[in-house]
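**Q** predicted model and sequence follow; I will ask about them next.
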Amino acid sequence: MIQFEGHSAAVTAVAFAPDSGLLATAARDGTVRLWDVFGERAGEFPIESVREQTLSWAPGGGRLVYGGEYGFGEYRLTGERTELHGMAVNGVCHLTNDLLVIGGPSGIDLFDVPKKSVRLKQPPQRAVKKVQRLAVQPETKLVAWIVERRLQVWKTTSQDKLDVALARESWAVAVSPDGQRVAVGVDYAVRLFAVGGKYPTAELTGHTGRVSGAAFDGTGRTLATVSWDDTVRVWDVESAREVARFPLSVGQLKAIACSPDGTRLAVGGTAGGVVLIDVG
């Protein structure tokens, strides 16, 4: 377990690069930082957002999209930065190298990076409320998001959209690598849904605080979650059982990501710390 020090405010987004071993972190101190897997800083740049930030690496690697309440932009590992749009976003995820799914105050949109423009194609019955959390599975073109106590799931190749009432607030959503499952944090528990189903297939219980983030490993067989109870928990998806637990001391846990090879978890907390956990 390695703790990265450097941010001076809550870390709200973490993301592993797909091909370079880099970890990107964003915090309310107004910075995005890049780290290698040994905790050494590999780069840094300012970001206007000082609330909730969002990060997404392009599938081909080498390009990082960052965003927040004042818009979003793209950073290249060469050091070049390009501002893409001034639209406020709560979530940005790559659907392809050049196509983003963006979630903001008025719902979900598709954004063409080279053209710097919003595409006309939008999910059917587009949400008109603030998107709270967003997850995308690029290979299966599946998009899942949370809006006003509802889980909404859309496959961009279809006109159908699934809409599920959650009854309570949710601040975590993740899509499995095969696009067959969606995990949703609802209060202290995590509910697993089969894509296309309106009722959960399993519920993961044990956290004693709000679940604030979730991430599948590369196989989809395990799910890692963070909570305001200051623990990271790892679950076996098929049995719905907890298989590992890691108590941390970096403030309330806000963000989690799993490395592409499934061997590491990165976790960010409100005290500004980032912890790298070896689970391989």
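**A** That came through, no problem. Numbers count the residues shown, from 1 in each chain.
**Q** quote the end-to-end distance of stretch 166-178.
**A** Across stretch 166-178, the terminal residues are separated by 23 Å (CA to CA, to the nearest Å).
**Q** which residues are in contact with that stretch?
**A** For stretch 166-178, the external contacting residues (CB atoms under 8 Å, 6 or more residues apart in numbering) are 132-137, 139-140, 142, 144-146, 149-151, 181-187, 190-191, 210-216, 218-220, 223, 225, 237. For glycine as for every other residue, the C-beta is placed from the backbone atoms N, C-alpha and C.
**Q** okay, now the unreliable bits of this structure?
**A** Judged by pLDDT under 70, the chain has its weakly predicted residues at 120-122, 124-128.
**Q** assign a three-state SS to Gly206, would you?
**A** With DSSP: H, G, I helix; E, B strand; the rest coil as the basis, Gly206 sits in coil.
**Q** oh sorry, the question was meant for Gly39
**A** coil.
**Q** just how off-centre is stretch 154-163 within its chain?
**A** Here stretch 154-163 is found 20 Å from its chain centre; the criterion is CA atoms, centre = their mean, to the nearest Å.
**Q** if we can go back for a sec, in helices only, show me the contacts of stretch 166-178.
**A** Using DSSP state H, the subset of these located in helices is empty.
**Q** tell me the buried residues within those.
**A** With burial judged by 16 or more other CB atoms under 10 Å, the buried subset of the contacts of stretch 166-178 is 132-137, 140, 142, 144-146, 150-151, 181-187, 190-191, 210-216, 220, 223, 225, 237.
**Q** need the contact list for Ala42.
**A** Leu22, Leu34, Trp35, Asp36.
**Q** give me the element it is part of.
**A** Ala42 belongs to strand 41-46 when elements are defined using DSSP states H and E.
**Q** for whichever helix or strand comes after that strand, which helices and strands make contact with it?
**A** Going down the chain from strand 41-46, the next helix or strand is strand 54-57, by DSSP H and E. If contacts are counted by 3 or more CB pairs under 8 Å, 6 or more residues apart in numbering; DSSP states H and E, strand 54-57 sits against strand 11-16, strand 23-27, strand 63-68, strand 91-94.
**Q** how about a cut-off of 7 Å?
**A** Contacts defined by 3 or more CB pairs under 7 Å, 6 or more residues apart in numbering; DSSP states H and E place strand 54-57 against strand 11-16, strand 63-68, strand 91-94.
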